[in-house]
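[1] sequence? don't have it. structure:
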């Protein structure tokens, strides 16, 4: 069985390449217990420790861009995707919300705040909705 840390790491990698809302929903849930910055640093440590070919898994085969170099991709789930990728995508973005769960709007806002904090923790400028970098007020 996988621990929620491992699932969070896999979701971070997939969220930056397939842009599925379900990944964001899952990540928002996981990061209620494990801060996004902590997951990000765990992924960095794991990548540094297990970077050779012999350590690669199925998830490493088709990663086009990596979240460690492109954390802004954690916000791309909200943009229409015109991918010519050969990778399969989901036929729909339907998310069934369990009773007492957050709505998609609540998850979307919560996730954006968590990504904003990640950017702040990394000392990076947070991109605004048009993709331009928003300069910090310093």
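    Thanks, I have it. Note that this is a predicted model, so its numbers are computed, not measured.

[2] And the pLDDT at the closest residue to residue 43 other than its chain neighbours?
    Spatially, and ignoring its direct neighbours in sequence, residue 43 is nearest to residue 9 (5.1 Å; CB to CB, 6 or more residues apart in numbering). In short, each C-beta sits where N, CA and C put it, glycine included. Per-residue pLDDT puts residue 9 at 91.

[3] Likewise for residue 74?
    Reading off the confidence values, residue 74 has pLDDT 93.

[4] measure it to residue 99 for me?
    Remark: distance between residue 74 and residue 99 (CB to CB, to the nearest Å) = 28 Å.

[5] Which one of these two is surrounded by more residues?
    Taking neighbours as other CB atoms under 10 Å, residue 74 and residue 99 compare with residue 74 leading, 23 against 4.

[6] Find the nearest non-adjacent residue to that one, please.
    Of all residues not flanking residue 74 in the chain, residue 115 sits nearest, at 4.9 Å (CB to CB, 6+ apart).

[7] For that neighbour, list the residues it contacts.
    Neighbour list for residue 115: 36, 71, 74, 75, 126 [criterion: CB atoms under 8 Å, 6 or more residues apart in numbering].

[8] how close does it sit to residue 9?
    Going from residue 115 to residue 9 by CB to CB gives 16 Å.

[9] same check, this time on residue 27
    10 Å.

[10] Equivalent analysis for residue 128, please.
    28 Å.

[11] Same question for residue 16.
    From residue 16 to residue 9 the distance is 12 Å (CB to CB).
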